[in-house]
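Q: below: sequence and its predicted model.
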Amino acid sequence: MRRLVLTSGLVVALGFSSAAALDNSDCLGCHSDRDLSRPGDDGKALSLFVDEAAYAASIHGRDLCTSCHTDVTSIPHPDGFRHKPVSCGTCHRLETEIYLKSDHGLAVHKGVLEAASCKDCHGNAHALLNSRDPASPINRTNIPATCGKCHADTAAMERYNLRQRNVVVSYQRTIHGQAHARGITTAAVCSDCHGSHDLHRSTNPLSKLYWQTIPSTCGRCHENVRQTYSRSIHGTAVASGIRDAATCVDCHGEHTIQDKSELSSRVSPARIPETCGQCHGSERIAGRYQLSSRVVETYMQSFHGLAQQANDLTVANCASCHGFHDILPSADPLSSVNKANLPQTCGKCHQGIGTRLAKGEIKIHDLPGIAKGKPWVVNFVTTLYIVLIVVSIGGMLAFTALDYGSKLRKHMRAVREGEGEVRMTTWVRRQHAALMVVFIVLVYTGFAHRFPEAWWGWPFHLTANGSALRGLVHRIAGWSFVALFFAHLVALLTTVRGHAYIKELVFRFQDLKDALAQLLYNLGLRASPPEARRFNYAEKVEYWALIWGSFVMIITGAALVFTETALRTMPKVLIDLAQVIHFYEAVLATLAILVWHLYWILFDPSEYPMNPAWLTGKKARHASEGARELGDSGVEPHGKPDPLRGGPGSP
């Protein structure tokens, strides 16, 4: 045997060996040199070094190099010789045939270089170890890390539209991943569920994760559970090809499987109604299979459901009565909810009433109120109480409304006939009335659009095209609001009274002092409230908030009405911003009216039972309002006409 010497990139033959005489020492004579390399296809140096010790310890260590490198027939190699790609299928024909049909194999065949090939999972062929070796990348302890070399790359997962993005992190959080991290070698790893050479998408019937195959996949570890499940109503339905029947992952999750003791687990007592409700609360599934679609609703309104919603995890849930892997139809004699078995099932918590349940005296899934099938006396008493509530509370409402109206008329008459202060002219009151009507319509129709299922939107549920009707009413009210806003601006800017209003409504430093004085007075830190003003700090804040809010709502509303035009002329993000601002500005305005404005008009004790200025133009004068008192003539004490009152000199 002669060695090969690498000189200036050329192999110089010092001797010759035929293919029949080649053994590993002939090859390692050169390839044990760490500096041995040749230019790769990309122009970079490609190492040709083979670690002799690692190769000898590998699973291929007893094989001849020429077993894989079949194109090597002589040493030295001919000029320009390059090895052909080594095919693992030469020896591993069955595994290769299976791999080529897998998702990885098909991707490699399509030229996806990132798709996993043999060496990506098994490692370097010259150092490849048996899967039972703890150092092997396909040993059970290393499989999550091996798969994670590719599948932890979220950018790649996005690029190839893989549904599970951060699969390694999500696996590590599962009960399987946590057990694996603790060194439990029997804990499920990626290949147990997804397969190895035969890996396919879950939509492929050949996949271990195909919906009809999932029970057998999980059953490889959980055999007792699989056998129990296979006899259940869900298991028999899956076996017969009913796609909507629940499989393991529908209840336990996929990369979210957790121990039932964890509150976030889908099968914890805290979440079982939600998990079962995925199917049993579905109108589509209930309608297709003639099931009750109200079982979740009736449970939630029962004693058990109400307690469960209050975080009582000891109360009975779906699985407590129906079971979990062993769920059977109630007609089955082995079912836990069969009449014959109810004493035992319910007796686990309620000893002594099981026989009454078996006789049908007590129904679990029963909505409160009047219902067919309930005892007539229950329905009668329910009806009696409903009538009693409507009549008595309705009578109370009518009586209090009459009483309030009587006191309000007396109050308004006293204001009108006494020395009430003029606050709003006829024209201002008309604007206020129009604004009030338009605002209420806009709020109602706007929120009815945002919350279409809310009970208070029922008028729009009565017609076949209620959404279009709601939209029409909202737009009419919106354009009316625009017209009212600009009419108000014109009146402010072009009339003497308008100029006077602007002058009076401008913020001054005194307003800040008054607000602070009022706060100190309300806290009991000041002996008297601030002096009354024609327009105080609160009224100024409210007025300018109205002007600003109107401007914002008109601009954003126009962008939403003319969406197509807006999209042609501005970035999409501005339309999104307009939608957000329009909604939350409406929420802000509505709450400001309810919390702030109505207080000063209705609930302020000094204005009881109401500030009638919006109806009569005048409000009661209070003893505290002595700072700037104006007579009914609209003339200030020094004799100057007041345009805001509609007195002499006002338009």
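A: Good, I have the coordinates.

Q: strands of the stretch 1-150 of the chain, start to end?
A: 5-7, 10-12, 17-18, 37-39, 45-47, 74-75 (DSSP state E, counting those that start in this stretch).

Q: what mean pLDDT does the last one get?
A: The predicted model gives strand 74-75 an average pLDDT of 86.

Q: with stretch 275-292 instead?
A: 91.

Q: for the residue nearest in space to the middle of the chain, what are its contacts?
A: By C-alpha atoms, centre = their mean, the mean C-alpha position of the chain lies nearest to residue 274, the distance being 14.7 Å. Neighbour list for residue 274: residue 266 [criterion: C-beta atoms under 8 Å, 6 or more residues apart in numbering]. C-betas here are computed from N, CA, C, even on glycine.

Q: and it, what are its phi and psi?
A: With angles defined as degrees, to the nearest 10, residue 274 sits at phi -70, psi -40.

Q: pull the distance from the biggest helix by length in the chain to the chain's centre.
A: Longest helix of the chain, by residue count under DSSP state H: helix 376-417. Helix 376-417 sits 43 Å away from the centroid of its parent chain (C-alpha atoms, centre = their mean, to the nearest Å).

Q: what's the first helix or strand after that helix?
A: Toward the C-terminal end, the helix or strand that comes next after helix 376-417 (DSSP states H and E) is strand 421-422.

Q: pairing partners for that following strand, with directions?
A: With DSSP bridges as the test, strand 421-422 is paired with strand 618-619 (antiparallel).

Q: what about the partner strand, average pLDDT?
A: What strand 618-619 shows for mean pLDDT is 84.

Q: residues making contact with that strand?
A: The contact list for strand 618-619 (C-beta under 8 Å, 6+ apart) reads 415, 416, 420, 421, 422, 423, 607, 611, 612, 613.

Q: surely the fifth one touches residue 621?
A: No - using C-beta atoms under 8 Å, residue 422 is not in contact with residue 621; the gap is 10.3 Å.

Q: shared neighbours of those two, which are they?
A: With contacts taken as C-beta under 8 Å, 6+ apart, residue 422 and residue 621 have no neighbour in common.

Q: same drill for those two, tell me which one is more crowded.
A: Between residue 422 and residue 621, counting by other C-beta atoms under 10 Å, residue 422 is the more crowded of the two (20 against 16).

Q: tell me the confidence at residue 355?
A: For residue 355, the predicted pLDDT is 67.

Q: now tell me which of the contacts of strand 618-619 the prediction trusts least.
A: residue 420 (74).

Q: related to what we said a few turns ago, among the contacts of strand 618-619, who's most crowded?
A: The most crowded member of the contacts of strand 618-619, judged by other C-beta under 10 Å, is residue 612 (24 neighbours).

Q: show me the contacts for the nearest residue to that residue once chain neighbours are set aside.
A: Closest residue to residue 612 apart from its sequence neighbours, by C-beta to C-beta, 6 or more residues apart in numbering: residue 412 at 4.7 Å. The contact partners of residue 412, taken as C-beta under 8 Å, 6+ apart, are 612, 615, 616.

Q: from those, which is closest to residue 500?
A: Nearest to residue 500, judged by C-beta to C-beta, of the contacts of residue 412 is residue 616 at 21.2 Å.

Q: hang on, that closest one packs against residue 414?
A: No - using C-beta under 8 Å, residue 616 is not in contact with residue 414; the gap is 11.0 Å.

Q: of these two, who's got more company?
A: Using other C-beta under 10 Å, the more surrounded residue of residue 616 and residue 414 is residue 616, with 17 against 12.

Q: contact partners of stretch 579-592?
A: For stretch 579-592, the surrounding residues in contact (C-beta under 8 Å, 6+ apart) are 439, 442-443, 446-447, 450, 542, 545, 549, 552-553, 556-557, 560.

Q: kindly apply the preceding question to stretch 209-222 instead.
A: Stretch 209-222 is contacted by residues 186, 188, 192-194, 200-205, 207-208, 225-227, 229-230, 235, 238-239, 241, 243, 247-249 when judged by C-beta under 8 Å, 6+ apart.

Q: ok, now stretch 597-609?
A: With C-beta under 8 Å, 6+ apart as the test, stretch 597-609 has contacts from 404, 407, 408, 411, 538, 542, 610, 611, 614, 619, 620, 622.

Q: next one: stretch 40-52
A: Applying C-beta under 8 Å, 6+ apart, the contact partners of stretch 40-52 are 27-28, 30-39, 126-127.

Q: cutoff 10 Å now
A: Residues outside stretch 40-52 that contact it (C-beta atoms under 10 Å, 6 or more residues apart in numbering): 6, 24-25, 27-28, 30-39, 57-58, 61, 65, 82-83, 124-127.

Q: in stretch 205-216, which residues are buried?
A: Buried residues in stretch 205-216, counted by 16 or more other C-beta atoms under 10 Å: 207, 208, 209, 210, 211, 213, 214, 215.

Q: tell me the contacts of the residue lying closest to residue 338 once chain neighbours are set aside?
A: Closest residue in space to residue 338, ignoring its immediate chain neighbours: residue 330 at 5.7 Å, by C-beta to C-beta, 6+ apart. Contacts for residue 330 (C-beta under 10 Å, 6+ apart) come out as 233, 322, 336, 337, 338, 339, 341, 342.

Q: what's the answer for residue 231, then?
A: 325, 326, 327, 328, 332, 334.

Q: greatest separation within those residues: which pair is it?
A: Taking C-beta to C-beta as the measure, the contacts of residue 231 span a maximum distance of 14.6 Å, between 325 and 332.

Q: ok, the two, which is more surrounded?
A: residue 325 (19 against 15).

Q: quick check, that one in contact with residue 336.
A: No - applying C-beta atoms under 10 Å as the test, residue 325 and residue 336 come out as separate, 11.9 Å apart.

Q: what sits in contact with each of the two?
A: residue 319.

Q: quick one: buried residues of stretch 281-291?
A: Result for stretch 281-291 [16+ other C-beta under 10 Å]: buried residues 281, 286.

Q: how about residues contacting that stretch?
A: Against stretch 281-291 from outside (C-beta under 10 Å, 6+ apart): 237, 242, 244-245, 273-274, 278-280, 292-297, 299-300.

Q: same thing but 8 Å
A: Under C-beta under 8 Å, 6+ apart, the answer for stretch 281-291 is 244, 279, 280, 292, 293, 295, 296, 297.

Q: of these, buried ones?
A: Neighbour-count burial (16+ other C-beta under 10 Å) is assigned, among these, to 279, 280, 295, 296.

Q: helices - which of the residues you listed land there?
A: Mapping the buried ones among the contacts of stretch 281-291 onto helices (DSSP H) picks out 279, 280, 295, 296.

Q: show me the contacts for residue 611.
A: 600, 601, 602, 604, 619, 620.

Q: would you state the helices of the stretch 201-350 of the chain in chain order?
A: Using DSSP state H, counting those that start in this stretch, the helices assigned to the stretch 201-350 of the chain run over residues 214-219, 223-231, 233-239, 248-252, 272-280, 283-288, 295-301, 303-309, 318-322, 342-347.

Q: now these in CSV, with distance to residue 522?
A: CSV is the format used below for the helices of the stretch 201-350 of the chain (distance: least, C-beta to C-beta, whole Å):
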stretch, distance to residue 522
helix 214-219, 66
helix 223-231, 66
helix 233-239, 64
helix 248-252, 57
helix 272-280, 47
helix 283-288, 54
helix 295-301, 44
helix 303-309, 40
helix 318-322, 53
helix 342-347, 58
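
Q: what residue ranges in the stretch 251-400 of the chain score low on pLDDT?
A: For the stretch 251-400 of the chain, applying pLDDT under 70 flags the ranges 354-362, 373.

Q: identify each buried residue in the helix or strand in which residue 433 is found, please.
A: Element membership for residue 433, per DSSP H and E: helix 426-450. For helix 426-450, a neighbour-count test (16+ other C-beta under 10 Å) marks 428-429, 431, 434-435, 438-439, 441-448 as buried.
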